[in-house]
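Peer 1: What would the 3D arrangement of this be:
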Amino acid sequence: MKKLLLILAFSILSFSTNAETRFGDMTEMRDERMRGKDGKWVRPHPGPFIWNGIEREQGVFSWEEADKYVVYAQEHNQKTLATIWPHANWEQKSCKRKKARSPFGGKFTKYLSKPCSMENYKNFLIKLVDRYDGDGKNDMPGLTKPIKHWQIMNEPEFKMFFKGKRDEFIEIFNFSSELIKSKQKDAVIVMAGAAGMFPENKTFWRKALPQIKDHFDIAAIHHITPPDGNCDREFWVDEFSDLLKSLNINKPIWVTEAMLGKCRVIPTYIKAFASGAEVIIDVGANAPGMKMSKGARKKLNAFINEVDGFKSVKLVSKKEAEFVMEDGSKKVIEF
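Peer 2: Take a look at the predicted model:
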């Protein structure tokens, strides 16, 4: 959709998160094809870190489903990005919130509004972080790989995932971030992913970002293609980066949902990285929507094996990118 500026195309972009891996997958334990790759990032979606799934009735906590994800990630050396969903049926019934249309079917919460009581939510969130923070107190039995990366909510600009006002999202987000940081000093807070860079997305985030910018460490953008497969050739990273800069926000950028659509896989990934993405998380082999072809996925997997762990990247021509690896060696990839 857009051309990279020449000055960007020939500049080296250094990254600040020192990620051991630059790639990941959205995961779903019930589907063997959606459990992610060994040694990569995983973002369970919607995942098991849903208030409604863990505390189905007040004061009664069930950790079985969440533990399954954490144990699997440990066994496969995966790095977990956990999405927190601040909704519980029993809690929202207590103040007669209106039901919402669940985006994930019957196993998800039926309510998507702001909690009736932030104190109730606080109690859940403390227990969630405490179980997986790895401090040796109240941890999940056998925890060896703590969760440090927490993404608070998902695409709040759309009523599909949050049935509330922008100010309510901001309140929940900042409250959650402050609480997590107070309980887990090395926690990394990831912004609720922006659902693209369409005008309505920009309108929402232009107003919300200045009010949450001091409460997240990593900015997040999503790229989900419509049914016709139309796509952005940089996964929206260039426009998202411009938005952040216009608001004087200097944060690392992750693509926490990447759907390819009709775009070519290797050029799109390279241009997204060259535009500033540090980590790209694919929607997964069996995610709803347009599927990546077998040929494209084979190319992506080969690309991951070739360049994962790179320190920096620059475009050296319209068809070539130079990756500097952790050991200082360089790899030129044609695309």
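Peer 1: Could you give the number of residues near residue 298?
Peer 2: 12 (other Cβ atoms under 10 Å). In short, each C-beta sits where N, CA and C put it, glycine included.
Peer 1: Quick one: classify it as helix, strand or coil.
Peer 2: Assigned by DSSP: H, G, I helix; E, B strand; the rest coil, the conformation of residue 298 is helix.
Peer 1: so what's it up against?
Peer 2: Shown in contact with residue 298 (Cβ atoms under 8 Å, 6 or more residues apart in numbering): no residues.
Peer 1: Same check on residue 193?
Peer 2: Here residue 193 is in contact with 151, 154, 155, 220, 221, 222, 256, 257 (Cβ under 8 Å, 6+ apart).
Peer 1: Also residue 72?
Peer 2: So residue 72 contacts 29, 35, 78 (Cβ under 8 Å, 6+ apart).
Peer 1: all helices of the chain, in order?
Peer 2: Using DSSP state H, the helices of the chain run over 6-9, 51-54, 64-75, 89-93, 118-132, 166-183, 199-212, 237-246, 265-274, 294-307.
Peer 1: out of the contacts of residue 72, who's nearest residue 241?
Peer 2: The shortest approach to residue 241 among those belongs to residue 78, at 27.3 Å (Cβ to Cβ).
Peer 1: What's the local residue count around that closest one?
Peer 2: Count around residue 78 with other Cβ under 10 Å applied: 24.
Peer 1: Pretty sure it sits against residue 36.
Peer 2: Yes: the pair residue 78 / residue 36 is scored as a contact, 5.6 Å apart, by Cβ atoms under 8 Å.
Peer 1: Mutual contacts of the two, please.
Peer 2: Contacts common to residue 78 and residue 36, judged by Cβ under 8 Å, 6+ apart, are residue 42.
Peer 1: returning to what we had before: most neighbours out of the contacts of residue 193, which is it?
Peer 2: residue 221 leads the contacts of residue 193 on contacts (other Cβ under 10 Å) with 31 neighbours.
Peer 1: Now for residue 162, how many residues are close by?
Peer 2: Neighbours of residue 162 (other Cβ under 10 Å): 24.
Peer 1: What residues does it make contact with?
Peer 2: By Cβ under 8 Å, 6+ apart, the neighbours of residue 162 are 112, 153, 154, 155, 156, 169.
Peer 1: Turn the helices of the chain into JSON lines, columns for mean pLDDT.
Peer 2: Below are the helices of the chain laid out as JSON lines (pLDDT from 0 to 100):
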{"stretch": "helix 6-9", "mean pLDDT": "32"}
{"stretch": "helix 51-54", "mean pLDDT": "98"}
{"stretch": "helix 64-75", "mean pLDDT": "98"}
{"stretch": "helix 89-93", "mean pLDDT": "97"}
{"stretch": "helix 118-132", "mean pLDDT": "98"}
{"stretch": "helix 166-183", "mean pLDDT": "98"}
{"stretch": "helix 199-212", "mean pLDDT": "98"}
{"stretch": "helix 237-246", "mean pLDDT": "98"}
{"stretch": "helix 265-274", "mean pLDDT": "98"}
{"stretch": "helix 294-307", "mean pLDDT": "98"}
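Peer 1: right, and those helices - which one's nearest residue 334?
Peer 2: Closest among the helices of the chain, using Cβ to Cβ: helix 265-274, at 8.8 Å.
Peer 1: Which residue is the nearest non-sequential neighbour of residue 71?
Peer 2: residue 142 (7.2 Å; Cβ to Cβ, 6 or more residues apart in numbering).
Peer 1: So residue 52 sits against residue 84, correct?
Peer 2: No: contact between residue 52 and residue 84 fails when scored by Cβ under 8 Å: they sit 11.8 Å apart.
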